[in-house]
Each structure stands twice: as structure tokens, then as C-alpha cells.
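1. what shape does this take:
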Amino acid sequence: MELFKKTTNVDFLGKRRLALACSAMLLVISIASLSIRGLNFGIDFTGGTLVELAYSDAVNPTEVRGVLADAGITDAVVQYFGTSRDIMIRLPVDATRASADQSSEVITILRDARNETLTDSPEGGIQRCLISGSVGDCHVQMRRVEFVGPQVGDELTEKGGLAMLYALIGILIYVAFRFEWRFAVGSVLALVHDVLITLGVFSVLAFEFSLPVLAAVLAVIGYSLNDTIVVFDRIRDNFRKMRKGLPSEIMNRSINQTLPRTVLTSVTTLLVVLTLLLVGGEIMKGFAIALLIGIVIGTYSSIFVASPSVLMLGISREDMLPVVKEAVEGDSAP
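-> A predicted model of the protein is given here:
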């Protein structure tokens with residue numbers, strides 16, 4: 001703990017050109033990937049049918065995909081959902097068929113494929129499977145079926161984008177009112193930087209972008225802003241307290257003073273997110289990955305993007321001094 005009681009003296013702003021080059025490279029890659037490949041939208045946005053199945057023993061998604069392809073279902077996305085016995089199947093919207101028909105066909109095909117060896121058993125394997133529907137009898141059990149229409153998916157996409165836009169506008173107004181317009185611009189640039197890189201990672205690695213991931217991106221905006229506001233608050237106080245020093249020196253001093261708080265907050269938050277990623281299951285995986293990326297990028301941007309942006313906009317001591325109200329003539333009359 002003694003390490004965090006001492007104020008460091010790192011020249012963060014002296015490295016702003018290197019940081020700018022790294023951020024520019026990441027942003028170019030992210031924007032290029034988002035433009036060319038786009039995001040791998042989940043069923044929440046694209047619409048379709050989601051079927052979650054439980055097998056009585058381990059199963060290979062390739063095997064399941066092959067069975068469905070042999071039956072004529074070639075556009076299904078098959079992946080693990082938790083353990084090696086849990087399978088999630090996503091089917092795109094089919095305008096000619098109802099969602100219930102799609103899910104029923106899938107479960108019938110997979111049950112027939114898994115239980116065909118039981119046909120000659122004394123217990124009448126297939127018949128007992130279709131009647132009871134239990135994992136022990138069928139080897140394949142349907143756990144959950146969800147359907148999202150294409151209109152709902154389009155609406156969620158539009159509202160999700162508007163939610164992020166409104167959040168950035170609200171932050172711009174709040175920071176400009178509390179601090180100064182240069183700080184508002186710097187904070188929004190840092191947040192746009194964080195969001196674009198987070199989305200870029202999801203695009204480059206083709207991770208599924210679902211509603212929980214969108215919620216994580218909005219949470220990253222709040223986390224990054226909180227970290228940035230702490231640094232800005234210390235910068236404002238030091239501009240008013242320190243009589244000597246260039247703006248870059250005062251801002252460097254402020255970042256170093258808040259660095260222990262930034263590191264401790266980031267590390268403790270990352271521990272929680274890593275726990276969520278490792279033991280939270282498949283359903284929380286995208287949410288945890290988005291938070292993990294966002295926290296790392298948000299911590300970086302509060303130091304190397306927000307403050308250097310304010311410095312490049314020409315902040316000075318006079319901009320941070322409180323406004324002195326002129327006395328009204330006659331107030332000082334005896």
C-alpha cells in the first residue's frame with residue numbers, strides 16, 4: 001500500500017504524440033472493420049429463432065451442424081452455450097414459415113438423429129422419448145425457444161444507436177456546464193474513442209453483438225466519464241492553486257495525483273469483470289468481454305486522450321479562474 005501513498009512523477013502529456021499515434025491506428029482499424037465487415041448482430045437485432053438444447057452427454061457443434069445440413073437446414077448457427085452438453089442454435093427469419101414450425105423441425109431432426117440407435121431397444125426408445133421428452137429418454141431436450149421479428153430487430157438497432165448518441169450529447173452539456181467547453185469536447189472525444197474501439201474489437205473478432213453487449217457499451221461510457229471527471233476536477237483545482245507552471249505541467253501533476261485512484265478502481269473492477277467472464281456462463285460472455293475492453297480503453301483514454309485533447313484546445317489558467325462579479329455602483333456607499 002505504500003506504493004499508492006506516493007505521488008508518481010510520470011510525464012504522461014510528454015508522451016501524448018505516441019499515444020495519439022496508437023489511438024489513431026486503433027481508430028482507423030476499428031472504423032475500417034465497422035465499415036467493411038460491420039458488427040455480428042445477434043438475434044436481438046437481426047430477428048430470427050433461437051433454440052437452446054441440452055444433450056445427455058457431450059456433443060460436437062460440428063456434428064449438430066452436419067445433421068441439420070443433411071436435413072436441408074444449411075443457414076443455422078450452432079455453438080456451445082455453457083457446457084459441452086448445451087447447444088444453442090440460431091435460425092434466420094423465414095418469411096414462409098412460423099417460428100414454432102422451425103423450432104419443432106430442429107428438435108425433431110436432432111432427436112431422430114440421436115435416438116435412432118434406440119429403435120430396437122426393449123423399452124421402445126424413440127416412442128418413450130417422444131412421449132416423455134426428458135433428457136434421460138431423449139438424449140436431447142429443448143430448454144428454451146425465443147423468436148424476434150425483423151421489425152423488432154430494426155427498432156432495437158435504431159433505439160440502441162440513439163441511446164448512445166443521446167448519452168454523448170447529455171455528457172457534452174453536463175461537462176461544459178460544470179467545467180469549461182474545452183473539457184466537454186475532450187471528454188466527448190475520449191468517450192467516442194472508447195466506444196469506437198470497443199465496437200471495433202467486436203467487429204474484427206466477429207463477436208456477437210447483442211442487447212447485453214449494448215448495455216455494456218453504455219456502462220463503459222459511464223465508467224470512462226467518471227474516471228475522466230475525477231482527473232478534470234483535480235486539474236481545475238490545481239489550476240487555481242498552483243501559481244507557477246505551464247498548463248502541461250499542471251495537468252501532468254493532476255494526472256499523477258489521481259493515478260493511484262485510477263489504478264485501484266480499474267484493477268478492482270477488472271477483477272469483478274474477469275470473474276463474470278470466467279464463471280458467468282455463455283449468456284454473460286459478450287457483456288463481460290465488452291466491459292473488459294471498455295474498462296482498459298477507458299482508463300487509457302482518461303489519461304492519454306481526454307487531457308491531451310483539452311491541452312491541444314488551448315486551455316489556460318485564466319479559463320479556469322472563477323468569474324469575479326463586478327460590484328454594483330452604490331453598494332459601497334456608506
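2. who are the neighbours in contact with Tyr80?
-> The contact partners of Tyr80, taken as CB atoms under 8 Å, 6 or more residues apart in numbering, are 61, 86-88, 282. For the C-beta atoms, the positions are set from N, CA and C on the backbone; glycine is no exception.
3. which among those count as buried?
-> Buried by 16 or more other CB atoms under 10 Å: 61, 86-88, out of those.
4. what's the lowest-pLDDT member of the contacts of Tyr80?
-> Least confident entry in these, by pLDDT: Glu282, with 70.
5. that one against Gly82, yeah?
-> Yes - using CB atoms under 8 Å, Glu282 makes contact with Gly82 at a distance of 5.0 Å.
6. list the buried residues for stretch 16-29?
-> Residues of stretch 16-29 classed as buried by neighbour count (16+ other CB under 10 Å): 16, 19, 23, 26.
7. now do the contacts for the third one.
-> For Ser23, the residues meeting the contact criterion (CB under 8 Å, 6+ apart) are 193, 301, 304-305.
8. excluding chain neighbours, give the residue nearest to Leu26 in space.
-> Distances taken as CB to CB, 6 or more residues apart in numbering put Ile197 closest to Leu26, at 5.2 Å, once the chain neighbours are dropped.
9. brain fart, Ala216
-> Excluding its sequence neighbours, the residue lying closest to Ala216 (CB to CB, 6+ apart) is Ala290, at 3.5 Å.
10. how many neighbouring residues does the one you found have?
-> Ala290 has 27 neighbouring residues, counting by other CB atoms under 10 Å.
11. show me what the host helix or strand of Ser301 is packed against.
-> For Ser301, the host element (DSSP states H and E) is helix 285-304. Contact here means 3 or more CB pairs under 8 Å, 6 or more residues apart in numbering; DSSP states H and E; on that basis helix 285-304 packs against helix 16-36, helix 181-204, helix 211-241, helix 247-279.
12. which helix or strand lies directly C-terminal to that helix?
-> helix 306-312.
13. coming back round to it: got TSV for the contacts of Tyr80, with distance to Ile31 and secondary structure too?
-> Formatted as TSV, the contacts of Tyr80 follow (distance: CB to CB, whole Å; DSSP: H, G, I helix; E, B strand; the rest coil):
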residue	distance to Ile31	secondary structure
Pro61	32	helix
Asp86	36	strand
Ile87	35	strand
Met88	31	strand
Glu282	29	helix
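14. closest one to Phe239 out of these, please.
-> Of all those, Phe239 sits closest to Glu282, with 48.7 Å by CB to CB.
15. and the closest one, how far is that from Leu199?
-> 21 Å (CB to CB, to the nearest Å).
16. centroid-nearest residue for this protein?
-> For the chain, the residue nearest the mean C-alpha position is Ala290 (3.0 Å; CA atoms, centre = their mean).
17. please name the residues that touch that one.
-> Ala290 neighbours (CB under 8 Å, 6+ apart): 198, 202, 213, 216-217, 220.
18. re earlier: report pLDDT for the residue nearest to Ala216.
-> The model's pLDDT for Ala290 equals 92.
19. and what of Arg317?
-> 66.
20. what of Ile36?
-> pLDDT at Ile36 comes out at 92.
21. same check on Gly66?
-> Note on Gly66: pLDDT of 83.
22. assumed it was part of a helix.
-> Yes - looking at Gly66 with DSSP: H, G, I helix; E, B strand; the rest coil, it is inside a helix.
23. burial measure for it, as a count.
-> Gly66: 13 neighbours (other CB under 10 Å).
24. distance of it relative to Tyr80?
-> 16 Å.
25. for the host helix or strand of Leu162, packing partners?
-> Using DSSP H and E, Leu162 sits in helix 150-178. Judged by 3+ CB pairs under 8 Å, 6+ apart, helix 150-178 is in contact with helix 43-46, helix 181-204, helix 211-241.
26. avg pLDDT for the first one?
-> When you say that, I think you mean helix 43-46. Helix 43-46 comes out at a mean pLDDT of 74.
27. following that helix, which helix or strand comes up?
-> strand 48-55.
28. that next one vs helix 150-178, what angle?
-> Strand 48-55 and helix 150-178 meet at an angle of 100 degrees, taking axes from the mean of the first three to the mean of the last three CA atoms, to 10 degrees as the criterion.
29. gap between strand 48-55 and the chain center?
-> 24 Å (CA atoms, centre = their mean, to the nearest Å).
30. so what strands line up beside it?
-> Take DSSP bridges as the rule and strand 48-55 pairs in its sheet with strand 83-91 (antiparallel), strand 140-148 (antiparallel).
31. now the weakest link among these, please, by mean pLDDT.
-> Ranked by mean pLDDT, these bottom out at strand 140-148, which scores a mean of 77.
32. how about that one: buried residues?
-> Buried, per 16+ other CB under 10 Å, within strand 140-148: 140-142, 145, 147-148.
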